[in-house]
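Trainee: Take a look and give me a structure for this.
(chains A, B, C and D)
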2 protein chains.
Amino acid sequence: MTPAAVVLTEERILDAAEDVLRRFGPAKATVVDVAKALGVSHGSVYRHFPTKVALRDAVARRWLDRLADPLDPARDTDGPAAERLLRWLERLAAIKQGMALNDPELFATFSQLTTEARDVVAVHVGHLAAQLTEIIADGVSRGEFAVTDPPTAGLAVLHATARFHHPLHAAEWADPAIGAQLQEVWRLLVQGLAVRP
Amino acid sequence: MTPAAVVLTEERILDAAEDVLRRFGPAKATVVDVAKALGVSHGSVYRHFPTKVALRDAVARRWLDRLADPLDPARDTDGPAAERLLRWLERLAAIKQGMALNDPELFATFSQLTTEARDVVAVHVGHLAAQLTEIIADGVSRGEFAVTDPPTAGLAVLHATARFHHPLHAAEWADPAIGAQLQEVWRLLVQGLAVRP
DNA sequence: CAGATGACAGATTTCAAACTTTGTCAGTCG
DNA sequence: CGACTGACAAAGTTTGAAATCTGTCATCTG
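Mentor: Numbers count the residues shown, from 1 in each chain, chains lettered A, B, ... in the order given. Modelled structure (predicted):
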């Protein structure tokens, strides 16, 4: 008598934890709340995740993977690399900004992680930099860009656009000029990428 | 019987307030502490500044002006504009990073202001953007740069380097790679500035 | 015997009462 | 008469005792 719906999997715990985080926010959500939502004792949750921090990291990891997925450069191969780069940056900004509006509690969880420099975030930043590197390397192979080291350039582009996607800057996203500011930074960057050093 | 040393001027209040902020930090410093340091009642302080926020803003304004002063591009006119731009960015980063280390309580006051979007900060950002604009406009007139709108480019350079000087990013400055990362971003930006559109 | 439980110690958080701070203003002092 | 004082109301902060939470583990259950 252990039907599939009743087996306590990591997946089900993550679903419940995400729900509890969304409802109560990172400051109020407890492991007891998560267990309560699942109808089990909190000891059972500790059977699957060694600490509360590990559970929160796992929720964030899954959430960030889902976030980075639709950005994959393989999903947008039309037109010059410079324009794909702008679209990528605008989509990243739109996703983060939408999250800050629609899912403020989960966004707060993620922001907290970035200030704690947890490695979940380092991996996420690595994914984003790798996607930028892919666009830049493609631009190089098409003769549009002339950088010698695409991974370094990819990271530099991510750093240069921090204002538009780093959660620390969320308060500045209310400024209606923010989109135009991103375009100005992009304009300088793509011209810099195109130059033969 | 009101000798110069005993007249209660805004200047003396600001000195005392800065001192109290430095000792206790923005969270603990009170108007009563400032008055105590001056040997007057707190009512006298309110005779010169309408609110505690106005007093804190005035301290920050004076402090940020002193900070921006040594950056003035007129003090560094040697060599190509691209190199002066890098030196300016590195000096700005060094000043902010030094402040975060040497004067953590005043730095915390400033960081708090930036998150509250007070206009003291907007003015400071305006000063910095104007200094960048000056370097870029000079580069244009020497034929090194080719931007059509130096003020827009100056603001874009400031935005693109936020990671290296915005107080929100203070925690990331501990990374020893931070200096190299700034140079990579600068490299893309100056190449972008040099391109004839 | 794998998986779940719940009692437990120590750490952390909550809550309400006591205290402090802000900002005002009628009154003092030189 | 103008600069300063200090008593005061309202708002905000501290404090410490009570409640809750985290993480462990001996015990239970199917």
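
Trainee: Tell me the residues of chain A that contact DNA strand D?
Mentor: Within chain A, the positions near DNA strand D by Cβ under 7 Å from any atom of the strand are A:Met1, A:Thr30, A:Val31, A:Val32, A:Asp33, A:His42, A:Gly43, A:Tyr46, A:Pro50, A:Thr51, A:Lys52, A:Val53. For the C-beta atoms, the positions are set from N, CA and C on the backbone; glycine is no exception.

Trainee: try 10 Å this time
Mentor: With the criterion set to Cβ under 10 Å from any atom of the strand, chain A comes near DNA strand D through A:1-2, A:24, A:28-36, A:41-47, A:49-56.

Trainee: Buried only: go through the residues you listed for me.
Mentor: Buried residues within the residues of chain A next to DNA strand D, counting neighbours by 16 or more other Cβ atoms under 10 Å in any protein chain shown: A:Ala29, A:Val31, A:Asp33, A:Val34, A:Ala35, A:Val45, A:Phe49, A:Lys52, A:Leu55, A:Arg56.

Trainee: thinking the third one is in contact with A:Gly25, fair?
Mentor: No: here A:Asp33 lies out of contact with A:Gly25, judged by Cβ atoms under 8 Å, at a distance of 11.2 Å.

Trainee: ok, back up a step: restrict the residues of chain A next to DNA strand D to contacts with chain B.
Mentor: Among those, no residue is within reach of chain B (Cβ under 8 Å from any Cβ of the partner chain).

Trainee: pull the CA atoms of the helix or strand containing A:Phe110 into CSV?
Mentor: Per DSSP states H and E: A:Phe110 is located in helix A:104-115. C-alpha atoms of helix A:104-115 as CSV (Å, rounded to 0.1, in the frame of the first residue of the first chain):
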residue,chain,number,x,y,z
PRO,A,104,8.2,38.3,-5.9
GLU,A,105,8.7,35.7,-3.1
LEU,A,106,10.6,33.3,-5.3
PHE,A,107,12.6,36.2,-6.8
ALA,A,108,13.5,37.3,-3.2
THR,A,109,14.7,33.8,-2.6
PHE,A,110,17.0,34.0,-5.6
SER,A,111,18.2,37.5,-4.7
GLN,A,112,19.1,36.3,-1.2
LEU,A,113,21.1,33.5,-2.8
THR,A,114,23.1,35.9,-5.0
THR,A,115,24.1,37.9,-1.9
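
Trainee: as a whole number, average confidence for it?
Mentor: Averaged across helix A:104-115, pLDDT comes to 94.

Trainee: And the next helix or strand past that helix?
Mentor: Downstream of helix A:104-115, the first helix or strand assigned by DSSP H and E is helix A:119-141.

Trainee: Stretch A:75-85: which residues count as buried?
Mentor: A:Ala81, A:Ala82, A:Arg84, A:Leu85.

Trainee: can I see the domain layout of chain A?
Mentor: Domain segmentation of chain A under automatic domain parsing yields A:4-49, A:60-194.

Trainee: what helix or strand does the nearest residue to A:Pro80 once chain neighbours are set aside sit in?
Mentor: Using Cβ to Cβ, 6 or more residues apart in numbering or on different chains and skipping residues adjacent in sequence, the residue nearest A:Pro80 is A:Glu144, 5.8 Å away. A:Glu144 belongs to no helix or strand when assigned by DSSP H and E.

Trainee: Test my guess that A:Glu144 contacts A:Arg84.
Mentor: No: between A:Glu144 and A:Arg84 there is no contact under Cβ under 8 Å: 10.0 Å.

Trainee: and the helix or strand hosting A:Leu193, does that touch chain B?
Mentor: Under the criterion DSSP H and E, the helix or strand holding A:Leu193 is helix A:178-194. Yes: counting by Cβ under 8 Å from any Cβ, chain B is contacted by helix A:178-194 at A:Gln181, A:Glu184, A:Val185, A:Arg187, A:Leu188, A:Leu189, A:Val190, A:Gln191, A:Gly192, A:Leu193, A:Ala194.

Trainee: if I look at the closest residue to DNA strand C within chain A, how far off is chain B?
Mentor: Residue nearest to DNA strand C within chain A (Cβ to the nearest atom of the strand): A:Gly43, separated by 2.4 Å. A:Gly43 sits 35 Å away from chain B, taking Cβ to the nearest Cβ, to the nearest Å as the criterion.

Trainee: Using TSV, lay out the buried residues of stretch A:75-85 together with distance to B:Glu10.
Mentor: Shown next, in TSV, are the buried residues of stretch A:75-85 (distance: Cβ to Cβ, whole Å):
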residue	distance to B:Glu10
A:Ala81	56
A:Ala82	53
A:Arg84	55
A:Leu85	51
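
Trainee: Poorly predicted segments of chain A, please.
Mentor: Chain A contains residues with pLDDT under 70 at A:1-5, A:196-197.

Trainee: Next to DNA strand C in this structure, residues from it, please.
Mentor: Contact residues, chain A versus DNA strand C (Cβ under 10 Å from any atom of the strand): A:2, A:6-9, A:12-13, A:24, A:27-28, A:30, A:32, A:35, A:38-48.

Trainee: hang on, A:Ser44 packs against A:Leu8?
Mentor: Yes: checked against Cβ under 8 Å, the pair A:Ser44 and A:Leu8 is within contact range at 6.0 Å.

Trainee: Overlap of the contact sets of those two?
Mentor: Taking Cβ atoms under 8 Å, 6 or more residues apart in numbering or on different chains as the contact rule, the neighbours common to A:Ser44 and A:Leu8 are A:Leu38.

Trainee: and the residue nearest the centre of chain A, what element?
Mentor: By Cα atoms, centre = their mean, the mean C-alpha position of chain A lies nearest to A:Leu64, the distance being 4.3 Å. According to DSSP H and E, A:Leu64 maps onto helix A:52-68.

Trainee: can you check A:Ala94 too?
Mentor: Residue-wise, A:Ala94 maps onto helix A:81-102 under DSSP H and E.
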